[in-house]
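Asks: structure, please.
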Amino acid sequence: MPAITTVPHEIVLEITKSAALKDSIALLTTCKALYELYEARPFWMDQVLRLKQRLNPLLPYHVGSRAIEELKSVARNSSIFETAIRREEIRLSYHGQLETHMSADYWDVKIVPGGRWLITLSAEIETQEVPTEFHPVLRAWCIAPPVPNSPLCVASLELRPNFMPLELCLQPGNSASDLLVLVNCFLSTAPSQGSYLQVLHIDMADEYPHFTLLADHQTDRFCSGMGVEGQNLVATFSNQGRNFSEALIWDWRRDEKVSVQTPNAAGLLWFMAVSRDLITAWNSNTRCIEVHEPSPSGAYERVRNHAPRSTPHEHDGETHSGQSIVPTVIESWNSSRDLDQVALAHLEEETLRIDMENLGAGRIKFTSYPKDNTYMQDPHDVSSPYGNEHEVPSDCVRTASGHLLDLSFSGRLTLYLAPEGGSEVGECISYGVYDTNPNDTTADGLVSDRRIAFICPFSGIVGSISETGHLFIWQLGL
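Replies: Below is the predicted model of the structure:
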């Protein structure tokens, strides 16, 4: 068998494209002949381009213009990030206040993949003796290292009055620096009677970035959730006390809207993925995934179930000690190309990772993780599908290696390791990262000021913003 050193360098580089970075580095540092590849630009360019393809960061520069040492740093960040989380190596690198000329309550925050900017959604009021009404405000902040004494607000826009902010969703635009921002607000005087959806654009490479409204839509009911699937904005609506779910599919580019509704079910349904041809939902009673397709009459009908082996396919009529917590669906970044969906569902004794190919039209795989974190159930109402608001993460992210990572309001960081091979049982690592003191906690030990978390696997940043605008940023092993 010929030695690896006799293999053409072009073939060796092709081999490293399909291997993990640490394995590629181990290979190229075994001898002097291969070490030349390790120190050459093509290898590190390939690694950065692979990382960009997986995480699609929004960067203010072209990767090809970077020096080789910077390419090395960028390529290593995500690997160091994952290793540091496993070893619980986390340090607070910045703590400051988001400064505005108005008093602000922060409702949602998203970090732009790449780690240079934050987008915040807040309710703000002029700081004056005679208070006026709150206004929803959208802001973009630069947090690129080194973080200044106070993060710089590079763009702001006051949204429609008489509405209160609820949530944000980000998507890449048409160019490398374009960002789409989707906003969900609700009617402040009567939340159940209407919500306001907006799609805005901002070019982060502009010298003076600004938000531009592309499309908007007002509903006559409260929109309980919002997401992006393919080219569409999908808004879901609350139907308390009813065993069916409703959603609006809005192609905002063409201003085409389609309403869909699941049939009555033996349990409460939560949308996982929605399109005109398919509805994938989690049944909190039978603990399974239901796939619904439109019938000739136009109504959606259940065509198949997918259930984990640890969960019975059909409900036996007995009452569970507590409902499963509403599944956390990862927000798809670059959803127009990535139609595979991932979600976490927290049951009483386990957490399920649910991988769905093609929004549920393809293969659906379950991975079970041990759940010692029973703190997720609401101690005052164990049957609540919403769980404990301090401990149930509102979203989670996927790392470059396919692991899932989330951070709860109380500061518990949990890493769900990607299943290996055909394994149906996974491993998770969970620990607290907030340094709290008696003045920062309630009587039961929870963080008193709700913190909204954000995570960027590309840059190795974990952070949170409190409702009052305190910003915390941790760097992991970098």
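
Asks: quick one: the helices in the chain?
Replies: Using DSSP state H, the helices of the chain run over 9-17, 21-28, 32-38, 41-55, 68-86.

Asks: mind checking which of the ones you listed is nearest Leu170?
Replies: Closest approach to Leu170 among those is made by helix 41-55 (13.3 Å; Cβ to Cβ). Using the backbone N, CA and C atoms, a C-beta is placed for each residue, glycine as well.

Asks: report all helices and strands that that closest one contacts.
Replies: helix 9-17, helix 21-28, helix 68-86 (3 or more Cβ pairs under 8 Å, 6 or more residues apart in numbering; DSSP states H and E).

Asks: for it, which positions count as buried?
Replies: For helix 41-55, a neighbour-count test (16 or more other Cβ atoms under 10 Å) marks 43-48, 50-52, 54-55 as buried.

Asks: before we move on, what about stretch 72-92?
Replies: Applying 16+ other Cβ under 10 Å to stretch 72-92 flags 72, 74-82, 84-85, 90 as buried.

Asks: which of the residues you listed lies closest to Ser177?
Replies: Closest to Ser177, out of all of the buried residues of stretch 72-92 and judged by Cβ to Cβ, is Val74, at 17.0 Å.

Asks: tell me who's in contact with that closest one.
Replies: 48, 51, 63, 66 (Cβ atoms under 8 Å, 6 or more residues apart in numbering).

Asks: contacting residues around the nearest residue to Ser459 once chain neighbours are set aside?
Replies: Nearest non-adjacent residue to Ser459, counting by Cβ to Cβ, 6 or more residues apart in numbering: Gly115, 2.7 Å away. Going by Cβ under 8 Å, 6+ apart, Gly115 touches 57, 143-144, 456, 458-461.

Asks: again, only this time at 10 Å
Replies: 57-59, 77, 143-145, 454-461, 463, 473 (Cβ atoms under 10 Å, 6 or more residues apart in numbering).

Asks: what do you get for Arg76?
Replies: Neighbouring residues of Arg76 by Cβ under 10 Å, 6+ apart: 21-22, 25, 44, 47-48, 51, 83, 460, 478.

Asks: dump these into a markdown table; add pLDDT as well.
Replies: Below are the contacts of Arg76 laid out as a markdown table (pLDDT from 0 to 100):
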| residue | pLDDT |
| --- | --- |
| Leu21 | 85 |
| Lys22 | 84 |
| Ile25 | 87 |
| Trp44 | 90 |
| Gln47 | 89 |
| Val48 | 89 |
| Leu51 | 87 |
| Thr83 | 89 |
| Gly460 | 87 |
| Leu478 | 47 |
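
Asks: adding distance to Val258, write those out as JSON lines.
Replies: Formatted as JSON lines, these follow (distance: Cβ to Cβ, whole Å):
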{"residue": "Leu21", "distance to Val258": "43"}
{"residue": "Lys22", "distance to Val258": "47"}
{"residue": "Ile25", "distance to Val258": "50"}
{"residue": "Trp44", "distance to Val258": "46"}
{"residue": "Gln47", "distance to Val258": "42"}
{"residue": "Val48", "distance to Val258": "40"}
{"residue": "Leu51", "distance to Val258": "37"}
{"residue": "Thr83", "distance to Val258": "45"}
{"residue": "Gly460", "distance to Val258": "40"}
{"residue": "Leu478", "distance to Val258": "45"}
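
Asks: ok, the closest residue to Trp44 other than its chain neighbours - contacts?
Replies: The shortest distance from Trp44 to any residue other than its chain neighbours is 4.0 Å, reached at Leu71 (Cβ to Cβ, 6+ apart). Contact analysis of Leu71 by Cβ under 10 Å, 6+ apart lists 41, 43-49, 63-64.

Asks: against Leu27, how distant is Leu71?
Replies: Applying Cβ to Cβ, to the nearest Å, the value for Leu71 to Leu27 is 18 Å.

Asks: likewise Asn56?
Replies: If you go by Cβ to Cβ, the gap between Asn56 and Leu27 works out to 27 Å.

Asks: ditto for Leu13
Replies: 11 Å.

Asks: overlap of the contact sets of these two?
Replies: Leu37.

Asks: Phe409 against Asp395, yeah?
Replies: No: here Phe409 does not reach Asp395: they are 11.8 Å apart, not a contact under Cβ atoms under 10 Å.

Asks: which one of these two has more residues nearby?
Replies: Using other Cβ atoms under 10 Å, the more surrounded residue of Phe409 and Asp395 is Phe409, with 22 against 19.

Asks: so what's the more buried one up against?
Replies: Contacts of Phe409 (Cβ under 10 Å, 6+ apart): 388-394, 434, 446-447, 449-453, 464, 466.

Asks: just the strands in the stretch 51-200 of the chain please.
Replies: 91-97, 102-111, 117-126, 135-142, 152-158, 163-172, 178-187, 195-203 (DSSP state E, counting those that start in this stretch).

Asks: mean pLDDT lowest where, among those?
Replies: Per-stretch mean pLDDT for the strands of the stretch 51-200 of the chain is lowest at strand 91-97 (a mean of 84).

Asks: what is that strand packed up against?
Replies: In terms of contacts (3 or more Cβ pairs under 10 Å, 6 or more residues apart in numbering; DSSP states H and E), strand 91-97 is packed against strand 461-466, strand 470-475.
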